[in-house]
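K.L.:
Let me see the structure of the following:
(2 chains)
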Amino acid sequence: MAKTNEETKFSDEQDRLESQSGTNTKIRYWEHRGNRNNMWQILNFVLLAAGSLLVLSPLWWMFATSLKTMGEVMSYPPSFFPESWEWTNYIRAWQAAPFTTYTLNTITITTFVVIGSVVANSFIAYGFAKIPFRGKSIWFAIVLSTMMIPGFVTLIPQYVLFSNLGWVNTYYPLIVPHFFGSAFYIFLLRQFYMTIPTELIEAAKMEGANHFYIWWKIGLPLTKPALATVAIFSFNGAWNDFLGPLLYLNDENLYTLQLGLAVFKGQLSTQWNYLMAGSLLVLLPVILLFFFFQKYFIQGINLSSGGK
Amino acid sequence: MGKRKLTMRRKESIYGYIFILPFIVGFFAFTAGPLLFSLAGSFTDYNITSQMDFIGVENYQSLIMEDGLFRTSLWNTIYYVAFSVPLTTLGAIFISSLLNQNVPGIRYFRTLYYLPAVLSGVGVYLLWMQLLEPGTGMVNLLLGWVGIDGPNWLYDPDWTKPSLILMKLWSVGGSMLLYLASMQGVSKHLYEAAEIDGASRGRQFFHITIPMITPVIFFDVVTSTIGGFQIFQEAYIMSGNGEGGPANSLLFYNLYMWNQAFGSFNMGYAMAMSWILFVIVFILTIINLKLAPRWVHYEGEEK
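P.N.:
Below you'll find the predicted structure:
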């Protein structure tokens, strides 16, 4: 029952967004507004269409460049369409560096980061949202205040800490901190937990369930949409992280895709066709993720703004 | 009865602390501990191999009085923040106001405008390095179409920072969605009432929409200011692996700190730098918070 409630709530949200998006209302809209308003609508549409071409053009350019021959890349003036479509650029780029190893390494790190982020932040956020305890507001203020601290202030001491632990050239510094929660996700999940009625948890407590059980059996399933958001955001963060691997990984066998790309750039310099092919392959999972799970991205943004 | 309730409450308290324990441990191990370490270390000549010797305020003194590169890096960073924060804020508000209308295909437009915001990392930086190539890149090709002779972007010290700002503008989608969500939350009645009073669209925008979204503008300005001061990855890649670009024009604060800490291993010096940055960001945030009541409108704050 509770589950269906949750789903209804979520799909209501989607409906709300869709109904505002105008697909259902556009005909009525064009008809019953006055001339002056119609002018505005047309101008608006033209601006959006032109702007979206501009926004998409870099991605098209990336794709087009990745298929050009080296001669064409260097020719002036450049063109938006490759003369011949050199699909083999992708194979060559992939083989020019140990990208398969980089990919496996990145997947390993990303998997652990996502698991850590989802479990730890959900656990912590449940405590902040659903258990009354003394000192809670102070601790929550501390959570929020950590968002204000520039990362570099703690970066050097963390490096000292991890190198004393012998963790340089291992994945531990990139993974372990994610098992201790981070302010943004705690805040986001707490917002979501707040929408779950307390009665549900009270009822479970009446029946003798403790908080661990309630978190596991009620909290986790009911917050699935928000957990998906956390999973996607943390996937994105770990997949695109350059600073962490740059600092902690020296052994080329441990390199991630981001580090690999940077090294690749150093080797290839201006061979933009291969560089763009490699970059596009690295960005591809994120692009696919975006198109499949768009609503979770948007939800994360909405939750983080403190909205409902 | 009373006693039972008390133990109940204590039990809840214990549970509460068990649940937030991971955060508390992480906070001490990865935030509070390191903060204290770097504060203490900033008064030493620590360089990771030797022991730490207390040298007083020497690091701070030479940073502020003598180090020309420190000044350059601070200037570069302030330049970047001063332009990128207002431009991205205005850009995001402008686009989201276009997207907050009923026109055909609006769903696709929203998706497309948001897409660049989710893309980040080295692949994107490499893409922009190619786009900004003076002769063979797309940006100058497009500028040429409208009769503008494009600059040398990443090769010209005057244009390197605008290059990064341009790249930043491409990905305003994240804050754009924040504004869009907040614009959709504005009550339709306000607009209807304004329309009856004969207010033009422009007036409606400036007198209803903008005031109603000021809390989000505030949030966006605060977070993007904090974020802007920490620019690192794009500068590192786009300046040729941390070298700082032509005439050190891309030597941002964090990049210089990185080079000091992990290039020259002047860690005490770098930690002093990190605390100066912390203080700057802190002061700016406090100023933002103090100025907020003058222009940020919270609905129902009279309650």
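K.L.:
What is the neighbour count of residue A:143?
P.N.:
By other C-beta atoms under 10 Å in any protein chain shown, the residues close to residue A:143 number 22. From N, CA and C alone the C-beta is placed, and that goes for glycine too.
K.L.:
Identify the residue nearest it in space, chain neighbours excluded?
P.N.:
In this structure, residue A:143 finds its nearest non-sequential neighbour in residue A:183, 5.0 Å apart by C-beta to C-beta, 6 or more residues apart in numbering or on different chains.
K.L.:
so the one you found sits right up against residue A:144, yeah?
P.N.:
Yes. Assessed by C-beta atoms under 8 Å, residue A:183 is found in contact with residue A:144 at 6.2 Å.
K.L.:
In terms of neighbours, single out the busier of those two.
P.N.:
Neighbour comparison, residue A:183 and residue A:144: the larger count goes to residue A:183, with 20 against 12 (by other C-beta under 10 Å).
K.L.:
and the more buried one, what is it in contact with?
P.N.:
By C-beta atoms under 8 Å, 6 or more residues apart in numbering or on different chains, residue A:183 lies in contact with A:143, A:144, A:146, A:147.
K.L.:
The same query, at a cut-off of 6 Å, please.
P.N.:
Each residue near residue A:183 by C-beta atoms under 6 Å, 6 or more residues apart in numbering or on different chains is listed here: A:143, A:146, A:147.
K.L.:
same thing with residue B:272?
P.N.:
Here residue B:272 is in contact with B:42, B:59, B:60 (C-beta under 6 Å, 6+ apart).
K.L.:
Looking at those residues, which are in helices?
P.N.:
B:59, B:60 (DSSP state H).
K.L.:
Show me where the stretch 201-303 of chain B dips below the pLDDT cut-off.
P.N.:
B:299-303 (pLDDT under 70).
K.L.:
got a pLDDT number for residue 143?
P.N.:
Went with chain A since none was named. You'll see residue A:143 listed with a pLDDT of 96.
K.L.:
not quite, I wanted chain B
P.N.:
At residue B:143, the model reports a pLDDT of 95.
K.L.:
Centre of the chain to the helix or strand containing it, how far?
P.N.:
Assigned by DSSP states H and E, residue B:143 belongs to helix B:138-145. Computed by C-alpha atoms, centre = their mean, to the nearest Å, the chain-centroid distance of helix B:138-145 equals 28 Å.
K.L.:
Distance check, residue B:77 against residue B:284.
P.N.:
Distance from residue B:77 to residue B:284, counting by C-beta to C-beta, to the nearest Å: 12 Å.
K.L.:
Nearest spatial neighbour of the residue nearest to the spatial centre of chain A, chain-adjacent residues omitted?
P.N.:
Closest to where the C-alpha atoms of chain A average out (C-alpha atoms, centre = their mean) is residue A:233, at 2.8 Å. Nearest non-adjacent residue to residue A:233, counting by C-beta to C-beta, 6+ apart: residue A:300, 5.7 Å away.
K.L.:
Flag the shaky bits of chain A, pLDDT-wise.
P.N.:
Counting by pLDDT under 70, chain A contains low-confidence ranges at A:1-36, A:303-308.
K.L.:
where does the stretch 151-300 of chain B come near chain A, residue by residue?
P.N.:
Within the stretch 151-300 of chain B, the positions lying close to chain A (C-beta under 6 Å from any C-beta of the partner chain) are B:177-178, B:181, B:184, B:216, B:230, B:233, B:254, B:257, B:261, B:267, B:270-271, B:274, B:277-278, B:281.
K.L.:
Around residue B:256, how many other residues sit close by?
P.N.:
25.
K.L.:
That one belongs to a helix, doesn't it?
P.N.:
Yes. Residue B:256 forms part of a helix when assessed by DSSP: H, G, I helix; E, B strand; the rest coil.
K.L.:
Nearest residue to it in space, please, no chain neighbours.
P.N.:
Spatially, and ignoring its direct neighbours in sequence, residue B:256 is nearest to residue B:73 (3.9 Å; C-beta to C-beta, 6+ apart).
K.L.:
correct me, but the one you found touches residue B:258?
P.N.:
No. Using C-beta atoms under 6 Å, residue B:73 is not in contact with residue B:258; the gap is 10.4 Å.
K.L.:
Not counting its neighbours along the chain, what's nearest residue B:292?
P.N.:
Nearest residue to residue B:292 in three dimensions, chain neighbours excluded: residue B:218, at 5.6 Å (C-beta to C-beta, 6+ apart).
K.L.:
give me the number of residues near that neighbour?
P.N.:
Under the neighbour criterion other C-beta under 10 Å, residue B:218 is assigned a count of 18.
K.L.:
which phi and psi does it have?
P.N.:
When read as degrees, to the nearest 10, the backbone of residue B:218 gives phi -60, psi -50.
K.L.:
Please verify my assumption that it contacts residue B:296.
P.N.:
Yes. In this structure residue B:218 lies within contact range of residue B:296 using C-beta under 6 Å: 4.7 Å.
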